[in-house]
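Participant: I need the structure of the sequence given here:
(one chain, ligands or ions: 1)
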Amino acid sequence: MDHFKNPRNMGEMKDADAIGENGNPVCGDLMYIYIKVEENDGKEIISDISFQTFGCAAAIATSSMITELARNKTLEEALKITRSDVAVSLDGLPPIKMHCSNLAADALHDAIKKYREK
Ligand code: FES
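Facilitator: The predicted structure follows:
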């Protein structure tokens, strides 16, 4: 509830290095994850991250949480963040809302994939 009422890192990032996108065709919710990547000691680090989510409370909370989990991680580390990591970090989600947590992890992975394709 805290991440829904006080979402962290919400908003469009104009100078993002890559934008991940994911949607759920069943409910129509849509999520964008913006990442900024910096090289440090040969490692690619997510130095900034934000999100825009057009969706339910759980989708907003999981977006907020994944930005907290991925910030300052290497791309390799961020790719290891799973759908269930997001739900566990929020102290669980109601079973009917578990599918909402899939959007955030998949949108983050999409952003990293697009960054690497550039
Ligand atoms: Fe659509 Fe939660 S109901 S993502």
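Participant: from here on, contacts and neighbour counts on C-alpha atoms
Facilitator: OK.
Participant: my guess is residue 47 meets residue 38, correct?
Facilitator: Yes. Counting by Cα atoms under 8 Å, residue 38 is a contact partner of residue 47 at 6.1 Å.
Participant: who touches both of these two?
Facilitator: When contacts are counted by Cα atoms under 8 Å, 6 or more residues apart in numbering, residue 47 and residue 38 have no shared neighbour.
Participant: quick one, grab the pLDDT at the residue sitting furthest away from the middle of the chain.
Facilitator: Relative to the mean C-alpha coordinate of the chain, counting by Cα atoms, centre = their mean, the farthest residue is residue 41 (24.6 Å). The per-residue pLDDT reported for residue 41 equals 90.
Participant: now the one 10 residues further on
Facilitator: You'll see residue 51 listed with a pLDDT of 98.
Participant: secondary structure element holding it?
Facilitator: Element membership of residue 51, judged by DSSP states H and E, is strand 43-54.
Participant: need the residues that contact that strand.
Facilitator: The set of residues external to strand 43-54 that reach it, using Cα under 8 Å, 6+ apart, is 9-13, 29-39, 59-60, 63-64, 67, 70-75.
Participant: ok, and of the residues you listed, which contact the ligand?
Facilitator: With Cα under 6 Å from any ligand atom as the criterion, the contacts of strand 43-54 include 29, 59 near the ligand.
Participant: in ChimeraX, how would I select the buried members of the contacts of strand 43-54?
Facilitator: The following ChimeraX command selects only the buried members of these, with burial defined by 16 or more other Cα atoms under 10 Å:
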select :9,10,12,13,29,30,31,32,33,34,35,36,37,38,59,60,63,64,67,70,71,72,73,74,75
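Participant: who touches stretch 23-42?
Facilitator: Outside stretch 23-42, the residues within contact range by Cα under 8 Å, 6+ apart are 12-13, 15-22, 44-56, 59, 63, 103-104, 107-108, 111.
Participant: ends of that stretch, how far apart?
Facilitator: Here the two ends of stretch 23-42 are set 33 Å apart, with distance taken as Cα to Cα, to the nearest Å.
Participant: export stretch 98-106 as CSV, just CAs?
Facilitator: Taking Å, rounded to 0.1, in the frame of the first residue of the first chain, the C-alpha atoms of stretch 98-106 are listed here in CSV:
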residue,chain,number,x,y,z
MET,A,98,0.2,-12.0,-8.7
HIS,A,99,0.0,-11.6,-12.4
CYS,A,100,0.3,-7.8,-12.0
SER,A,101,3.9,-8.3,-10.6
ASN,A,102,4.9,-10.0,-13.8
LEU,A,103,4.6,-6.7,-15.7
ALA,A,104,7.3,-4.9,-13.8
ALA,A,105,10.0,-7.6,-14.1
ASP,A,106,9.2,-8.1,-17.7
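Participant: if anything else comes up later, I'll come back, but that's it for now.
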